[in-house]
Each structure stands twice: as structure tokens, then as C-alpha cells.
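Chemist: Okay, structure incoming, though there's no sequence with it:
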């Protein structure tokens with residue numbers, strides 16, 4: 001009853017003395033009775049119905065028609081469909097894509113996103129860095145209007161659907177307005193790593209260690225991108241495979257991926273950022289495994305028809321192997337000082353193809369040509385850290 005009177009007080013339902021309709025059609029008691037009969041005890045349905053009736057694109061006639069024909073809205077899926085249709089009418093152009101992207105972020109993210117992450121992700125362009133001028137002011141206060149009350153923030157500021165059934169509805173929605181896929185999030189992650197994050201040591205110097213808290217404030221979306229861009233890329237590859245085709249290299253995401261993989265400084269920055277967040281970086285081993293199984297029986301045909309995809313998957317597999325070796329041999333160092341990825345020590349003892357190299361260190365082998373095993377007597381590092389001396393004893397033959 002209170003919701004009905006509030007709608008009337010806000011001018012969203014005509015007054016009871018309207019000459020266009022009979023009093024019984026406008027009676028608060030009659031409306032409440034109809035809604036209660038259709039709700040079947042489902043409070044969420046009642047809540048969403050009144051949120052739907054408050055959508056600004058509905059005329060007075062359409063609101064009354066909806067109340068008079070509640071059977072057309074009975075069930076959550078029908079109500080969700082009606083809300084999405086109204087949002088499509090209300091938001092068009094750039095705003096249209098913002099609304100659709102919001103649903104995509106909440107439906108397809110690998111973990112719940114904080115409002116600070118969503119605020120950035122929604123405005124990331126695919127061809128340049130995101131700036132403060134791209135921000136949607138006070139997005140947390142506008143989520144209800146933008147989403148038709150289907151999305152909310154919890155007490156800790158994480159953005160979520162109002163109910164599990166809402167998530168299921170959008171996960172199954174692959175066509176039309178507000179359809180969701182991993183393409184959008186994959187593009188956001190790669191663009192953020194390519195253009196927004198400076199391709200250099202995160203603390204401005206390779207000899208300084210960046211702090212995770214500082215990075216979260218400067219780049220709210222960086223931690224998510226570091227951990228999950230490879231998984232979203234797998235989903236993007238997989239969707240193409242399931243639809244009967246692999247990427248050709250001409251897609252926007254393909255260009256973003258090439259831009260990232262072929263810039264050693266960008267890859268190195270990602271590695272440093274990942275270790276700063278205590279994440280051992282990896283692309284996604286499951287991606288290369290899945291792809292290999294798919295084309296294992298027809299490698300020549302796939303290589304000839306999809307050369308970009310084959311080469312890219314090979315590169316990603318090589319990166320993952322290098323990252324595993326990096327973790328095994330240098331993980332303890334990088335966990336404490338992620339900036340060491342830029343310094344000479346790691347590069348002196350390891351050879352990695354895809355990230356920044358340095359000529360400041362050289363390793364010369366002084367091993368005896370025979371198979372004798374040496375005993376290390378003493379080793380010493382110079383004050384500058386640029387030279388190391390080792391005394392070894394070789395047993396006599």
C-alpha cells in the first residue's frame with residue numbers, strides 16, 4: 001500500500017479521481033490485492049515490480065496496463081525481460097553501451113568487483129589511457145537507476161546482482177541488448193595494461209620497490225587485470241572455437257594482445273605489478289592445453305588457416321614456461337622485491353624472450369672442461385653489486 005501511494009505521490013500513477021479510468025482501476029487496495037495474488041509470497045518479485053513501475057520511460061498508461069495484466073510479468077524472468085526492454089528504451093547511444101557493459105562486468109568477472117574497480121572498468125577506452133575525465137561521478141549512487149535496480153553494492157562496496165536468479169538470467173543472455181560475453185572484459189584488461197599502466201618500473205626506478213597499497217590507489221583495476229587477463233583471454237579464444245572459428249589477428253582484441261606481447265617493457269611491468277600484489281604471474285596454462293587438444297589432430301590445416309592464432313598460442317605457451325621458471329628460481333626474491341625483475345641479476349642467470357633485457361650483466365663460465373665437480377670455497381659480491389668473485393677447488397685427477 002505504501003509503495004502504491006508513493007508512486008501516486010511522485011506522479012507515476014494517476015490520482016484516484018482521474019476521469020480516464022474507473023475508481024476501481026486506481027484503488028490502492030485493488031492494486032495491492034492484484035500484486036499479492038501474483039507474487040505467490042515472493043518478496044523479490046514485488047520489490048522488482050515496483051522498481052519496474054518507477055522506470056522513467058514508462059507512461060502512466062503503460063504502468064496501469066502492467067498492473068492490470070500482471071500475468072505477463074509473473075515470474076522473475078519475465079520481469080527481468082521487461083526491465084531490460086525498458087532500459088533499452090531509456091538508454092541509447094554511448095549510455096546504451098555503458099549499461100550493457102555494467103551488466104557484462106557483473107556477470108562475467110572472475111570475482112566480485114569493488115565499486116572503485118567498476119567505476120574504472122566502465123570507462124576504459126580500447127585505444128588510449130583512461131583518465132579522470134572519463135569517470136562517471138558517484139557511480140555508486142546511480143547503480144540502481146542505470147541497472148533498473150537489478151544491481152547493487154554490498155556493505156563492503158562490492159558490486160553484485162540483487163539475486164542469484166538475476167545472475168543466471170544474464171549469463172544465459174547472449175544476444176540482444178545487455179547480452180554478455182568475455183570479449184568486453186578481455187578488451188578492458190588488455191587496454192588497461194597497454195595504455196593506462198606506464199611501461200616502466202612502477203616506483204619510477206628499478207632500484208625502488210613499489211607498494212601494493214599505493215598501486216591500488218593509483219590504478220584501481222590493475223590487481224584484477226594482473227590476475228585474470230589470461231583467463232578472460234582463454235574465454236575469448238574458447239568462444240571463437242565453439243562458434244567454429246579461431247581469431248584471425250584482425251579483431252580489436254587481437255591487436256591489443258599483439259601490442260602487449262610484443263612490448264617487453266609492458267610485459268615486464270605486468271610481472272612486477274603481479275609480484276607486488278603477491279601474485280605469481282601466469283597467462284593461463286589451460287588456454288594452451290585446451291587449444292592443443294582442439295587442433296592436435298589437424299595441426300597443418302589449423303596452421304594454414306589460422307596462422308595468427310597458432311603463433312599467438314605458441315608465444316603464450318612460451319611465456320607461461322618462462323614464468324614458471326622465473327617463479328621456481330626467483331620467486332622468493334621477487335616476492336620481497338618485485339622491482340628486481342628490471343635489475344641485472346635475474347637476467348645474468350636466466351634468458352627470457354618476452355620481457356625487458358639488460359646489458360649490464362654478463363655471466364662467464366669458468367668451469368673445468370672435465371666432468372670434475374668443484375667445491376666452492378668462498379664467494380663475494382662487490383660493493384656496487386656489479387661483480388661477483390668465486391673461489392672454487394677442483395679435486396685432482
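Modeler: In hand now; what should we look at? For clarity, every value in this text was computed on a predicted model and none was experimentally measured.

Chemist: which residues of the stretch 101-250 of the chain score low on pLDDT?
Modeler: 174-180, 241-244 (pLDDT under 70).

Chemist: How are the strands of it distributed by residue range?
Modeler: 113-114, 151-153, 158-161 (DSSP state E, counting those that start in this stretch).

Chemist: which of the ones you listed sits most buried?
Modeler: Here the criterion is mean neighbour count by mean count of other C-beta atoms under 10 Å, and of those the winner is strand 113-114, at a mean of 20. To be clear about C-beta, it is placed using only N, CA and C from the backbone, and glycine gets the same treatment.

Chemist: in its sheet, what does that strand sit against?
Modeler: Paired neighbours of strand 113-114 in the sheet (DSSP bridges): strand 158-161 (antiparallel).

Chemist: contact partners of the partner strand?
Modeler: With contact meaning C-beta atoms under 8 Å, 6 or more residues apart in numbering, strand 158-161 is reached by 105-107, 112-115, 118, 143, 150-154, 167, 170.

Chemist: now, the most widely separated pair of those?
Modeler: Largest separation among the contacts of strand 158-161 by C-beta to C-beta: 114 and 170, giving 19.5 Å.

Chemist: contacting residues around stretch 209-221?
Modeler: Here stretch 209-221 makes contact (C-beta under 8 Å, 6+ apart) with 114, 116-117, 119-121, 124, 188, 192, 196-197, 201-203, 222-223, 272-273, 276-278, 337-339.

Chemist: Can you give me the buried ones in it?
Modeler: For stretch 209-221, burial by neighbour count (16 or more other C-beta atoms under 10 Å) applies to 209, 210, 215, 216, 219, 220, 221.

Chemist: now, which of the contacts of strand 158-161 sits nearest residue 227?
Modeler: Distances from residue 227 to the contacts of strand 158-161, taken by C-beta to C-beta, are shortest for residue 113, at 12.2 Å.

Chemist: one step back: let's have the strands of the stretch 101-250 of the chain in a markdown table, adding distance to residue 387.
Modeler: Listed next are those as a markdown table, based on distance: least, C-beta to C-beta, whole Å:
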| stretch | distance to residue 387 |
| --- | --- |
| strand 113-114 | 47 |
| strand 151-153 | 55 |
| strand 158-161 | 51 |
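
Chemist: Give me the spatial nearest neighbour of residue 236, chain neighbours excluded.
Modeler: Spatial nearest neighbour of residue 236, excluding adjacent residues (C-beta to C-beta, 6 or more residues apart in numbering): residue 186 at 4.6 Å.

Chemist: Same question for residue 184.
Modeler: residue 104 (4.8 Å).

Chemist: just residue 128 next, same as before
Modeler: The shortest distance from residue 128 to any non-neighbouring residue, by C-beta to C-beta, 6+ apart, is to residue 195 (5.4 Å).

Chemist: Report how many residues lie close to the one you found.
Modeler: 20 (other C-beta atoms under 10 Å).

Chemist: shouldn't it be in contact with residue 187?
Modeler: No. Using C-beta atoms under 8 Å, residue 195 makes no contact with residue 187, being 11.5 Å away.

Chemist: Report the buried members of the contacts of stretch 209-221.
Modeler: Burial by neighbour count, 16+ other C-beta under 10 Å: within those this picks out 114, 116-117, 119-121, 124, 188, 192, 196-197, 201-203, 222-223, 272-273, 276-277, 337-339.

Chemist: re the thing from before, which ones are touching the residue nearest to residue 236?
Modeler: 229, 232, 233, 235, 236, 253.

Chemist: Residue 166 now?
Modeler: Residue 166 neighbours (C-beta under 8 Å, 6+ apart): 76, 80, 150.

Chemist: one step back: nearest to residue 88, out of the strands of the stretch 101-250 of the chain?
Modeler: strand 151-153 (15.9 Å).

Chemist: what does that closest one rub up against?
Modeler: 102, 103, 106, 115, 140, 143, 144, 159, 160, 161, 162.
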